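**Q** Return a 3D structure for these sequence lines:
(one chain, ligands or ions: 2)
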Amino acid sequence: MTSPLHASVPAGLGSTKPDGHARLTTWIRECIALCEPDQVFYCDGSAAEKEFLTTEALRMGVFIELNQQKLPGCHLHRSHPNDVARVEQFTFICTPTKEEAGPTNNWSAPDEMRARLKGLLKGAMKGRCMYIIPYMMGPAASPLTQVGIEITDSVYVVLNMHIMSRMGSAAYQRLGADGDFNKGLHSTLDLNPDRRLICHFPQDNEITSVGSGYGGNALLGKKCLALRIGSYLAKRQGWMAEHMLLLSAESPAGRKHYIAAAFPSACGKTNFSMLIPPKHFAGWKVATIGDDIAWMKPGADGRLYAINPEFGYFGVAPGTNYLTNPNAMKSIQRDTIYTNVAMTEDGDVWWEGKDGAPPAKCTDWKGNPWTPESKEKAAHPNSRFTAPATNNPALANEFELASGVPISAIIFGGRRASTVPLVYQSFDWEHGTFIGATMGSEMTAAAAGTVGKLRLDPMAMLPFCGYHMGDYFTHWLEMGKKLTQPPLIFGVNWFRKSAEGKFLWPGFGENMRAMKWMIDRCEGTADAKEMPIGHLPEPKDFDFADMEGFTTSDFEKAIAYDAAGWQADYRLAGEFFDKLGGRCPSGLKDRLAKQKARVG
Ligand code: OXD
Ligand code: MN
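**A** Ligands and ions are numbered 1, 2, ... in the order given. Next up, the predicted model:
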């Protein structure tokens with residue numbers, strides 16, 4: 001077995017310690033005393049550090065060499081086969097009372113959980129290297145940016161954090177002598193699922209994660225800080241932490257709109273954020289600000305301003321190709337970490353749904369020989385790429401903008417075979433909040449669980465809200481009151497199917513057409529028909545010209561109003577609101593009653 005320790009560390013690396021922040025140095029000392037590592041490596045986020053640790057990851061077998069001519073700077077990682085997704089059943093919100101975490105989160109009393117974690121972490125890093133990672137979520141100059149320190153025993157985590165966050169000593173500078181920071185302690189332990197716990201202590205701005213190396217469980221800046229802890233801080237500080245992509249869309253006349261969209265995990269946020277408009281929309285430019293997370297705050301002008309706190313993309317590989325997402329494909333040709341994809345004989349990567357025919361032979365995600373006749377998939381359905389945002393040819397100029405961008409429209413969408421139309425607009429902010437609060441989606445492989453099962457996933461935040469969902473809904477309604485120029489709110493569904501099980505809408509780049517209608521609604525230039533569920537476009541309002549084989553009748557099916565389907569949805573929403581008890585805001589309960597009456 002290769003040693004996880006570094007035999008020799010080049011001069012100048014591994015030694016950039018925080019200086020003069022007493023709370024931080026005390027906490028690091030406590031973590032060292034608890035975990036008892038044989039080596040401590042203080043990360044500085046430099047290119048030299050990345051190069052050194054990459055070489056070490058290859059030596060340790062954490063990284064597998066890929067063809068460097070084809071994929072310069074790219075490496076493959078194979079996780080433990082039992083550690084391939086987020087684990088909602090082992091994810092805890094440890095607020096002082098169970099009521100604060102609410103009925104949609106697992107809860108444990110903070111002291112009890114701390115004692116359990118202490119037991120698991122005692123001596124857990126013996127024979128291992130402990131890495132101290134200073135990082136920022138958000139542009140260095142943004143008032144919305146948060147600093148985190150992640151302490152981990154995984155070199156894979158360090159190398160992912162190099163891509164996914166603004167990592168390095170600048171984070172210490174931002175902290176100064178007494179700045180607040182998120183404490184994140186992570187150990188893979190022995191990857192035993194019985195000892196896998198992803199724990200959040202929002203009142204202490206603290207995360208402890210053990211037993212998993214998977215992105216969403218182990219890259220603590222992402223789901224844990226940017227969403228669970230972030231949503232808790234946002235509620236108290238008057239901002240919003242949302243599971244949303246961010247993009248800009250610029251018309252040929254040079255008018256720009258910024259759009260935020262919430263879809264559950266593995267439902268196409270990365271694709272939509274990198275959308276290339278079809279030929280019919282020549283002159284339109286779509287640019288990516290973020291593909292997964294948005295932090296938003298009302299500005300002095302009464303508009304809602306958003307930043308993307310992340311610095312890279314942790315995207316789902318299967319289904320990604322030059323047709324579905326050319327910008328993602330271009331983003332992952334260099335300096336990318338591939339996790340659990342298949343490897344071809346010439347050291348290239350492959351996954352189901354990549355361009356071209358499957359290779360005649362390759363090595364699957366578990367390291368076994370694979371041929372097209374094999375029963376198992378070559379790549380894990382939740383296999384991922386970690387790529388720098390700066391690789392994206394469509395990266396928006398506003399990516400580093402400290403003030404954030406003013407949002408014109410918020411979109412909510414799930415994966416729904418029935419009921420939900422291609423696109424519709426809410427009546428107002430409160431009704432938009434209701435659309436988000438009652439959205440459902442069929443489950444995907446991004447979380448361990450039953451793929452395809454319909455579940456309510458409010459604002460795509462069910463697995464990520466760090467406090468009581470009823471309070472979260474109240475926060476949405478409160479934020480609306482602070483906005484004199486609120487974004488318009490829309491619902492979309494790219495996944496509706498015919499009775500024969502065929503998708504009614506081609507999706508991908510063609511989603512530009514739905515976006516164009518939404519932008520026209522923002523500008524007040526498109527009509528819509530008022531229906532019980534909101535404003536819907538009629539064929540005359542929606543541009544489906546030049547869509548091969550797509551007729552008015554196809555459009556009508558994609559947009560059709562299904563009263564019985566909505567009644568069933570509202571029943572599910574009612575059950576969910578009941579579960580939230582007295583904390584479900586009356587504004588939403590009244591809205592549900594009104595909507596039930598409207599759909600009949
Ligand atoms: C993700 C997720 O990885 O939502 O972004 O699971
Ligand atoms: Mn996500």
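**Q** Which residue does the stretch 201-350 of the chain have closest to ligand 1?
**A** Using C-beta to the nearest ligand atom, the closest approach of the stretch 201-350 of the chain to ligand 1 is made by Ser265 at 3.1 Å. Glycine gets a C-beta too; all of them are placed from N, C-alpha and C.
**Q** Residues of the stretch 251-400 of the chain that sit close to ligand 2?
**A** Ser265, Asp292 (C-beta under 5 Å from the ion).
**Q** As a check, name the ranges of all helices in the stretch 251-400 of the chain.
**A** In the stretch 251-400 of the chain, the segments counted as helices under DSSP state H, counting those that start in this stretch are 269-273, 326-331.
**Q** Can you give me the buried ones in the longest one?
**A** Just to be clear, that refers to helix 326-331. Pro326, Asn327, Ala328, Met329, Lys330, Ser331 (16 or more other C-beta atoms under 10 Å).
**Q** how about the fifth one, what does it touch?
**A** Same thing as Lys330. Lys330 sits next to Asn391, Asn392, Pro393 when contact means C-beta atoms under 8 Å, 6 or more residues apart in numbering.
**Q** And the last one, by the same measure?
**A** Residues counted as contacts of Ser331 (C-beta under 8 Å, 6+ apart) are Met274, Tyr313, Ala387, Pro388, Ala389, Asn391, Asn392, Pro393.
**Q** Spatially nearest residue to it (excluding sequence neighbours)?
**A** Asn391 (4.2 Å; C-beta to C-beta, 6 or more residues apart in numbering).
**Q** And for the second one?
**A** Counting by C-beta to C-beta, 6+ apart, the nearest residue to Asn327 once its immediate chain neighbours are dropped is Met274, at 3.8 Å.
**Q** And stretch 297-315, end to end?
**A** One end of stretch 297-315 sits 26 Å from the other (C-alpha to C-alpha, to the nearest Å).
**Q** my guess is the residue nearest to Ser331 meets Met329, correct?
**A** No - using C-beta atoms under 8 Å, Asn391 makes no contact with Met329, being 10.5 Å away.
**Q** neighbours of the residue nearest to Ser331, just the number please.
**A** 20 (other C-beta atoms under 10 Å).
**Q** what separates it from ligand 1, distance-wise?
**A** As judged by C-beta to the nearest ligand atom, to the nearest Å, Asn391 and ligand 1 stand 18 Å apart.
**Q** Same check on Lys50?
**A** 22 Å.
**Q** What strand or helix carries that residue?
**A** Using DSSP states H and E, Lys50 maps to helix 47-60.
**Q** Please enumerate residues in contact with that helix?
**A** By C-beta under 8 Å, 6+ apart, helix 47-60 touches 2-4, 6, 9-10, 12-14, 43, 63-65, 75, 155-156, 158-159, 162.
**Q** Mind checking which of these land in helices?
**A** Mapping those onto helices (DSSP state H) picks out Val155, Tyr156, Val158, Leu159, His162.
**Q** Would you map the strands across the stretch 451-600 of the chain?
**A** Along the stretch 451-600 of the chain, counting by DSSP state E, counting those that start in this stretch, strands occupy 454-456, 488-492, 529-531, 534-536.
**Q** Please identify the deepest-packed of those strands.
**A** Per residue and on average, the most neighbours among the strands of the stretch 451-600 of the chain fall to strand 488-492, with a mean of 23 (mean count of other C-beta atoms under 10 Å).
**Q** quick one: strands adjacent to it?
**A** Strand pairing for strand 488-492, determined by DSSP bridges: strand 405-413 (parallel), strand 423-425 (antiparallel).
**Q** which outside residues touch the first one?
**A** Okay, so that is strand 405-413. 244, 246, 248, 257-263, 267, 289, 296, 299, 301, 303-307, 398, 432, 435-436, 439, 459-460, 487-494, 518-519, 521-522.
**Q** Could you give the number of residues near the closest residue to Tyr570 other than its chain neighbours?
**A** Once flanking residues are discounted, Tyr570 sits nearest to Lys596: 5.1 Å by C-beta to C-beta, 6+ apart. By the criterion of other C-beta under 10 Å, Lys596 has 16 neighbours.
**Q** Kindly report the same for Val349.
**A** Applying other C-beta under 10 Å, we find 23 residues neighbouring Val349.
**Q** which residue packs closest to it, ignoring adjacent ones?
**A** Nearest non-adjacent residue to Val349 (C-beta to C-beta, 6+ apart): Val341, at 4.7 Å.
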